[in-house]
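Peer 1: Sequence and predicted structure, then a few things I'm wondering about:
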Amino acid sequence: MHIPENYLSPSTCGVFGVAMVAVWTHAVRRVRETVPAEKMPLLGIAAAFSFLAMMFNIPLPGGTTGHAVCGTLVAILFGPWSAVLSVSIALAIQAVFFGDGGVLALGANCFNMAFVLPLVGFGVYRFIRGRVAGERGELLGAAIGSYVGINCAALVAAIEFGIQPLLFTDAAGNALFCPYPLWVSIPAMMVGHLTIWGMAEVAFTVGILAFVRKAAPTFCLERQDDGPEGAAALRPVFVLVGALVVASPLGLLAVGDAWGEWGVEDVSALVGYTPAGMGEAWEWQALLPDYSLGALPDWIGYVLSAVIGVALLVIIFRLLAGLSRKAIDFG
């Protein structure tokens, strides 16, 4: 679901970028109001769950791959606006450092996966949670909410792809950017998300949520974790993150690219021409493209990339915690 560079027109990217600036501004304000400074580092760990889940590529028969996002999971644990902020930062790290999703398309990717997904997923979760009591209601709400959330995000991404050839063409009628219209992009995106990838989102969300509730119940916005005993109670969460980092090379087993994430040469071979906006446009040079690290074996590069991504998220949210404390002190 990561839209690459130059699949969307500059004007489309600009519209979503402006929209997300307004969303991020509101999210920052809500997070400052609702998340205590001491909880901010834990939000970085929650963001790490999303970052790692997106590294586990899952194949679909026919040669395409997809992944979970865990946006609804973060929303359940820390609130929907916390999920907007944390998943957005995870997506920014993926785009800048690993070339997973376009830098120019970051606003659109965040709109889909960091805004639509967690807010829709959390809304469905809260609706079910309010009508089905106990643990059963929470897990049922998490399952249905995460499934609906990721499919809504996929549908919005499919529409973003599909409107490009309807709005942006050259004199010969060829698409300038993504060449697949709505009647191709929507079925292609939704088949995988309504089946395997939607189920993967459910499995990650419900599995991690159930584990956290049992093993580390203070790992959420509502529960306090003051003092050394509280920190020790969070150890199972750190162990789980470590286990996901070690297991991340399983994502390499999936063969093929996600639908709509092909390189320019692949698109040209598929449609018979090179869309001008894709062939001649600007391209960001990621530091560790495709989670690889020079001549190291792919699995080592994947693990190191996972470590780097998690470390960056922890550092960023620790810095945000410090800024939050200073704002309180000077407030």
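Peer 2: Looks like it arrived, so ask away.

Peer 1: Listing request: residues of the protein with sub-threshold pLDDT.
Peer 2: 61-63, 223-231, 324-331 (pLDDT under 70).

Peer 1: Sketch out the helices for it, chain order is fine.
Peer 2: 10-34, 40-53, 71-78, 80-98, 106-110, 117-129, 134-167, 182-194, 196-215, 227-233, 235-247, 264-271, 276-279, 298-330 (DSSP state H).

Peer 1: doesn't residue 138 make contact with residue 129?
Peer 2: Yes. Contact criterion C-beta atoms under 8 Å: residue 129 and residue 138 qualify, at 5.9 Å. In this view, the C-beta of every residue, glycine as well, is placed from N, C-alpha and C.

Peer 1: looking at the helices of the chain, which is closest to residue 173?
Peer 2: helix 134-167 (9.2 Å; C-beta to C-beta).

Peer 1: Residue 58 is in contact with residue 196, isn't it?
Peer 2: Yes. Contact criterion C-beta under 8 Å: residue 58 and residue 196 qualify, at 5.9 Å.

Peer 1: returning to that earlier point: would you mind finding the most buried of the helices of the chain?
Peer 2: Counting by mean count of other C-beta atoms under 10 Å, helix 71-78 has the highest mean neighbour count of the helices of the chain, with a mean of 30.

Peer 1: Dump the helices of the chain into TSV; add distance to residue 253 as well.
Peer 2: Shown next, in TSV, are the helices of the chain (distance: least, C-beta to C-beta, whole Å):
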stretch	distance to residue 253
helix 10-34	32
helix 40-53	16
helix 71-78	23
helix 80-98	18
helix 106-110	24
helix 117-129	25
helix 134-167	21
helix 182-194	17
helix 196-215	14
helix 227-233	34
helix 235-247	11
helix 264-271	21
helix 276-279	29
helix 298-330	10
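
Peer 1: The residue nearest to residue 103 when sequence neighbours are not counted and residue 91: what is the separation?
Peer 2: Ranked by C-beta to C-beta, 6 or more residues apart in numbering and with sequence neighbours excluded, the top spatial neighbour of residue 103 is residue 284, at 4.3 Å. Using C-beta to C-beta, to the nearest Å, we find residue 284 at a distance of 14 Å from residue 91.

Peer 1: ditto for residue 124
Peer 2: According to C-beta to C-beta, residue 124 stands 22 Å off from residue 91.

Peer 1: what about the helices of the chain, which gets the closest to residue 2?
Peer 2: Closest to residue 2 of those, according to C-beta to C-beta: helix 106-110, at 5.8 Å.

Peer 1: Output the contacting helices and strands for the closest one.
Peer 2: helix 10-34, helix 80-98 (3 or more C-beta pairs under 8 Å, 6 or more residues apart in numbering; DSSP states H and E).

Peer 1: In TSV: those, plus distance to residue 293.
Peer 2: Shown next, in TSV, are the helices and strands packed on helix 106-110 (distance: least, C-beta to C-beta, whole Å):
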stretch	distance to residue 293
helix 10-34	29
helix 80-98	10
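
Peer 1: Which of the ones you listed sits closest to residue 51?
Peer 2: helix 80-98 (4.2 Å).

Peer 1: Next, the angle from that closest one to helix 71-78.
Peer 2: Angle of helix 80-98 versus helix 71-78, following axes from the mean of the first three to the mean of the last three C-alpha atoms, to 10 degrees, is 130 degrees.

Peer 1: Packing partners of helix 80-98?
Peer 2: The contact analysis (3+ C-beta pairs under 8 Å, 6+ apart) places helix 80-98 against helix 10-34, helix 40-53, helix 71-78, helix 106-110, helix 117-129, helix 298-330.

Peer 1: what's in contact with the shortest one?
Peer 2: What it means is helix 106-110. 1-3, 8, 12-14, 16-21, 23, 87-88, 91-92, 95, 101-102, 157, 160 (C-beta atoms under 8 Å, 6 or more residues apart in numbering).

Peer 1: let's see 7 Å
Peer 2: Helix 106-110 is contacted from outside by 2-3, 8, 12-13, 16-17, 19-20, 88, 91-92, 95, 101, 160, using C-beta atoms under 7 Å, 6 or more residues apart in numbering.

Peer 1: Please export the C-alpha coordinates of that helix as CSV.
Peer 2: The C-alpha trace of helix 106-110 is given here as CSV (Å, rounded to 0.1, in the frame of the first residue of the first chain):
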residue,chain,number,x,y,z
LEU,A,106,4.3,10.7,1.9
GLY,A,107,1.2,12.9,2.5
ALA,A,108,-0.9,10.4,0.5
ASN,A,109,0.5,7.4,2.2
CYS,A,110,0.0,9.0,5.7
